[in-house]
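Chemist: structure for the following, please:
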Amino acid sequence: IITLVWQKQYTHYTKKDPGFNTKNMLISSILGDDATLRQNSQKVADVVKENPDIKLSSAIHILPGTIGDEWMVTPEGHDAPDYSMVVHAGDLNIDKMFELKILSGRGFSESNKSDMLESCLINETAAKELGWKDPLGKRINWQNRDMRVIGVVKDYHAAPFYKKMTPTMVAVWEPIYNYMAFKVDEKKYPQTREYLEKALKELSPDNSISIFTYDDIMEGQYNSFKESSTIFGFFSLIAILLACLGLFSLSQFSVLQRIKEVGIRKATGAKSFNIVLLFMQDLLKWVGIAFAISCPIAYIISYSGIKG
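Modeler: Presented below is the predicted three-dimensional model:
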């Protein structure tokens, strides 16, 4: 049961629509690895602008769908920071990089200087939970910053997929960046990846440069389900084999103990099938009891594994 549940969960998480677009995206952790560049992510953006195959770049704090960066904020109408939100932080291109769908209002813009410190986006769930029928212009205080809601985005998984849809705020938060994401030309994907490795190495010669895709991150994020299902599958197979040997020995012992009863039943005209069924009923009764006990235990273990 645990094996099937975890394998199903792994398949579900790796194929689930996250609510944002990561197609043709390459990511590097260079900002988290290089403290100097972390303070000046624009330097990386300026370098990659030279390559026409890189359509867009964006500095990001935490990648959506991973750990989820939760903060207590003070929404308009509240007197204290008593409302929990996942903060998806990045530079002014973050909403365009992940192609977040704007339902009302607008996204971030370089032409609006206030967007750097005073503007934010919220998702549908946040607007609904806060009871804001018209969220545009509402205020949210976070990190001693009085943020104004400029847009509402369609719900997407900023936190891990196994969590329910959480209230989310998208904001610019520099220079607290760890990743640099790039939208590239699909037709020149390998060449662009090679270019990025060389260009970023020149910017940060003392650090190893790794370029990966969002799918690579999701594979690592939920690989524990795959590994756990494989391990449980192996031990389940052994357990089934041992159980079969035990049932065979038990049935053989039962037959030997009741050999006279079998002879009498045969003499009185009982069919072989009915005699076999009689013995099987005794065995299957205990199998059924064991299954009934194991199901809730397996459910608890599976659920705990998913939450952990």
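Chemist: just the pLDDT for Ile150.
Modeler: As predicted, Ile150 sits at a pLDDT of 97.
Chemist: assign Met169 to helix, strand or coil.
Modeler: Here Met169 is recorded as strand under DSSP: H, G, I helix; E, B strand; the rest coil.
Chemist: burial check on it, number of neighbours?
Modeler: 23 (other C-beta atoms under 10 Å). Heads up, the C-betas are built off the backbone N, CA and C, glycines and all.
Chemist: quick check, pLDDT for it.
Modeler: Reading off the confidence values, Met169 has pLDDT 96.
Chemist: and the strands in the stretch 51-200 of the chain?
Modeler: 54-60, 70-75, 83-90, 102-105, 119-123, 139-142, 145-153, 168-172, 179-184 (DSSP state E, counting those that start in this stretch).
Chemist: Leu26: which of these is closest?
Modeler: Set against Leu26 and scored by C-beta to C-beta, those come closest in strand 179-184, at 4.8 Å.
Chemist: by contact count, what packs against that closest one?
Modeler: Strand 179-184 sits against strand 25-28, helix 30-33, helix 41-48, strand 54-60, helix 189-203, with contacts defined as 3 or more C-beta pairs under 8 Å, 6 or more residues apart in numbering; DSSP states H and E.
Chemist: of the ones you listed, give the one that comes closest to Ala158.
Modeler: For these, the distance to Ala158 is smallest for strand 54-60, at 11.4 Å, taking C-beta to C-beta.
Chemist: elements contacting the closest one?
Modeler: Using 3+ C-beta pairs under 8 Å, 6+ apart, strand 54-60 is in contact with helix 41-48, strand 83-90, helix 94-97, strand 179-184.
Chemist: and the angle from that strand to strand 179-184?
Modeler: Calculated by axes from the mean of the first three to the mean of the last three C-alpha atoms, to 10 degrees, strand 54-60 forms an angle of 160 degrees with strand 179-184.
Chemist: check contacts around Arg265.
Modeler: 274-275 (C-beta atoms under 8 Å, 6 or more residues apart in numbering).
Chemist: in what helix or strand does it lie?
Modeler: Element membership for Arg265, per DSSP states H and E: helix 259-267.
Chemist: can you get me a residue count around Asp206?
Modeler: As a measure of burial, Asp206 has 8 neighbours, counting by other C-beta under 10 Å.
Chemist: hey, least reliable of the helices and strands packed on strand 54-60 by pLDDT?
Modeler: helix 41-48 (a mean of 91).
Chemist: list the buried residues in it.
Modeler: By neighbour count with 16 or more other C-beta atoms under 10 Å, helix 41-48 contains the buried residues 41, 44-45, 47-48.
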